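Undergrad: just a sequence and a predicted model for now, questions to come.
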Amino acid sequence: MEQNQNVDVVRRGYEAFGRGDMEALLALFAENISWVTPGPPELPTSGIRRGLQQVAEFFQTLNTHFEVQEFVPRQFIADGNKVVVTGDEVARSRKTGRSINLSWCHVFELQDGKVTTFSEYTDTFAAVDAMREKAAAAGA
């Protein structure tokens with residue numbers, strides 16, 4: 001598949017995510033997709049997921065714990081079957097109400113028009129910190 005076609009697939013994925021169309025988003029992924037999001041165990045979205053069902057569960061977990069307020073892909077870079085996207089996000093922890101501003105990098109690998117692997121690179125500390133209840137000023 002041509003690099004521009006791979007970028008188009010990835011762009012359509014961001015568009016589907018932006019409008020909350022999980023069915024259209026998941027349709028762009030291979031059945032055996034590998035999905036890697038970094039972070040410590042305290043971050044519910046972190047981990048390695050395999051297959052469409054586990055990736056769908058990732059998005060449910062994301063929605064349970066965070067309200068994504070702004071999600072902007074800024075740059076798309078294609079190299080063969082890989083597409084690298086940089087962008088920014090503003091989200092709010094549903095648990096604490098605290099907001100986070102993140103820059104991220106997403107790396108996609110595609111085969112036959114479907115995303116086969118996804119890896120995210122971002123500041124996971126900011127996400128974990130937003131989920132933490134702040135200690136009382138006089139104590140801990």
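TA: Sure, I can see it. Numbers count the residues shown, from 1 in each chain.
Undergrad: roughly how far is whichever strand or helix holds residue 34 from the heart of the chain?
TA: Secondary-structure assignment from DSSP states H and E places residue 34 in strand 29-37. In terms of CA atoms, centre = their mean, to the nearest Å, the centre of strand 29-37 is found 12 Å from the chain centre.
Undergrad: next structured bit after it?
TA: Once the chain leaves strand 29-37, the next helix or strand it forms, by DSSP H and E, is strand 47-50.
Undergrad: give me the residues contacting that following strand.
TA: For strand 47-50, the external contacting residues (CB atoms under 8 Å, 6 or more residues apart in numbering) are 32-37, 39, 55, 57-58. Glycine gets a C-beta too; all of them are placed from N, C-alpha and C.
Undergrad: quick check: ChimeraX command selecting the buried ones in those residues.
TA: Restricted to buried positions by 16 or more other CB atoms under 10 Å, the ChimeraX selection for the contacts of strand 47-50 reads:
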select :33,34,35,37,39,55,58
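Undergrad: include distance to residue 12 and pLDDT when you put the contacts of strand 47-50 into CSV, please.
TA: Formatted as CSV, the contacts of strand 47-50 follow (distance: CB to CB, whole Å; pLDDT from 0 to 100):
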residue, distance to residue 12, pLDDT
32, 20, 97
33, 15, 98
34, 20, 98
35, 17, 98
36, 21, 98
37, 21, 96
39, 27, 93
55, 16, 98
57, 22, 97
58, 18, 97
